[in-house]
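In: the following comprises the amino acid sequence and a computationally predicted model.
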Amino acid sequence: MATVAFIGLGVMGYPMAGHLLRAGHAVTVFNRSPARARQWQQEYAGAVASTPCDAARGAEFVMTCVGNDDDLRAVLLGGEGAFAGMSAGAVLIDHTTASAGVAREMAVLAAERELGFLDAPVSGGQAGAENGMLTVMVGGEPAFYQRAEPIIASYARMSRLMGPVGSGQLTKMVNQICIGGLLQGLSEALHFAQCAGLDGLAAMEVISKGAAQSWQLENRHQSMLAGKFDFGFAVDWMRKDLGMVLDEARRNGAQLPVTALVDQFYADVQAMGGARWDTSSLIARLKTPN
């Protein structure tokens with residue numbers, strides 16, 4: 001078993017760190033809100049550190065799961081950052097959904113300290129984290145990934161090395177492109193069904209057995225029809241992710257007209273007061289009749 005630090009106990013990191021401890025690893029956590037770290041400690045009986053540096057000291061693997069590029073820099077760099085506490089040979093596994101650029105930047109700084117670095121964003125949402133069923137997309141050197149894979153397996157049903165550093169983040173962008181397009185299509189389909197006088201639930205049950213089947217259809221159509229969005233992956237987070245996607249597309253020349261349009265639709269949802277609604281709330285802007 002390994003000595004592990006986990007930095008960032010949000011809706012994803014909190015259960016992920018718990019799975020590590022339950023798998024038998026020695027886990028020390030850090031969270032910017034000390035109350036959240038104490039709550040985790042009471043539930044799982046792991047150790048709590050007062051800084052990222054202290055959490056990382058002596059750890060073979062350090063996991064981060066924070067909000068964005070700036071948050072990642074804040075917990076890794078400086079005298080109290082995780083890099084300052086890590087020993088040569090340790091591996092940093094970053095589960096933040098961040099830019100490919102910051103992944104490459106942190107990998108260079110890690111290498112200067114003789115540390116390994118893997119960018120490893122996840123998919124599966126809060127339920128996937130709680131159930132230990134996440135999909136993990138990884139970028140980095142194969143030797144570091146081979147060491148980290150058994151640790152990642154504590155909370156993942158699927159993990160794959162996609163290429164050099166940055167490849168994990170780029171793969172997560174592919175994931176978000178798909179989700180945005182699927183949810184807009186599902187929103188329009190449900191809206192059309194209602195306007196046509198069909199039973200939306202019955203229509204989804206029928207088409208879910210054919211080529212239109214998807215995770216989003218199976219897991220979101222009922223709450224979308226009911227107009228319930230107070231759960232799941234927030235619109236604010238999706239807009240952050242799609243912003244990175246569109247920035248990357250401008251760099252690599254990819255044409256993403258639908259993604260750009262869906263991003264603007266999410267801006268409409270934010271303007272409606274839905275910043276913290278689940279991403280399936282795209283249907284709300286279509287004014288689905290009762």
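Out: The structure has been received and is ready for your questions. Only a predicted model underlies this, so the values are computations on that prediction, with no experimental measurement involved.
In: compute the distance between Ala26 and Ala59, please.
Out: Noted for Ala26: a distance of 9 Å to Ala59, by Cβ to Cβ, to the nearest Å. Any C-beta I mention is one placed from the backbone N, CA and C, and that applies to glycine too.
In: quick one: secondary structure of Tyr14?
Out: helix (DSSP: H, G, I helix; E, B strand; the rest coil).
In: excluding chain neighbours, give the residue nearest to it in space.
Out: Trp40 (5.9 Å; Cβ to Cβ, 6 or more residues apart in numbering).
In: pull the number of nearby residues for the one you found.
Out: By the criterion of other Cβ atoms under 10 Å, Trp40 has 23 neighbours.
In: so it sits right up against Ala49, yeah?
Out: No. Using Cβ atoms under 8 Å, Trp40 is not in contact with Ala49; the gap is 11.8 Å.
In: need the overlap of contacts for those two.
Out: Val29 (Cβ atoms under 8 Å, 6 or more residues apart in numbering).
In: what touches both of Ala26 and Ala59?
Out: In contact with both Ala26 and Ala59: Thr3, Val4, using Cβ under 8 Å, 6+ apart.
In: settle it for me: which of these two has more neighbours?
Out: Using other Cβ under 10 Å as the criterion, Ala26 and Ala59 rank with Ala59 on top: 25 against 16.
In: show me what contacts the more buried one?
Out: Contacts of Ala59 by Cβ under 8 Å, 6+ apart are Thr3, Val4, Ala5, Thr28, Gly85, Met86, Ala90.
In: what does the helix or strand of the chain with the lowest mean pLDDT contact?
Out: Ranked by mean pLDDT, DSSP states H and E, the helix or strand of the chain with the weakest confidence is helix 125-130, at a mean of 94. For helix 125-130, contacts defined as Cβ under 8 Å, 6+ apart pick out 11-16, 122, 133-135, 155, 232-233.
In: right, and the helix or strand after it?
Out: strand 134-139 (DSSP states H and E).
In: tell me which helix or strand comes right after that following strand.
Out: According to DSSP H and E, the helix or strand after strand 134-139 is helix 142-152.
In: and that following helix, what does it pack against?
Out: Counting contacts by 3 or more Cβ pairs under 8 Å, 6 or more residues apart in numbering; DSSP states H and E, helix 142-152 packs against strand 91-94, strand 116-119, strand 134-139, strand 156-163.
In: quick check, distance from it to the centre of its chain.
Out: Offset of helix 142-152 from its chain centre (Cα atoms, centre = their mean, to the nearest Å): 19 Å.
In: which positions in it come out as buried?
Out: By 16 or more other Cβ atoms under 10 Å, the buried positions in helix 142-152 come out as Phe144, Tyr145, Arg147, Ala148, Glu149, Ile151, Ile152.
In: so Val258 makes contact with Leu183?
Out: No. Applying Cβ under 8 Å as the test, Val258 and Leu183 come out as separate, 11.4 Å apart.
In: who has more neighbours, those two?
Out: In terms of neighbours (other Cβ under 10 Å), Leu183 is the more surrounded of Val258 and Leu183; the figures are 25 against 13.
In: list the residues that contact that one.
Out: Gln216, Arg220, Val262, Thr279, Ser280, Leu282.
In: report the contact partners of the residue nearest to Tyr14.
Out: Residues near Trp40 by Cβ under 8 Å, 6+ apart: Leu9, Tyr14, Ala17, Gly18, Val29, Asn31, Gly46, Val48.
In: so it sits in a strand?
Out: No. Counting by three-state DSSP, Trp40 is not found in a strand; it is helix.
In: so which residues of the stretch 151-290 of the chain form helices?
Out: 167-195, 200-207, 215-226, 235-252, 257-271 (DSSP state H, counting those that start in this stretch).
In: one step back: so which of the helices and strands packed on helix 142-152 is nearest Gly273?
Out: Closest approach to Gly273 among those (Cβ to Cβ): strand 134-139, 30.0 Å.
In: which of the contacts of helix 125-130 lies closest to Leu225?
Out: Closest to Leu225, out of all of these and judged by Cβ to Cβ, is Gly232, at 15.4 Å.
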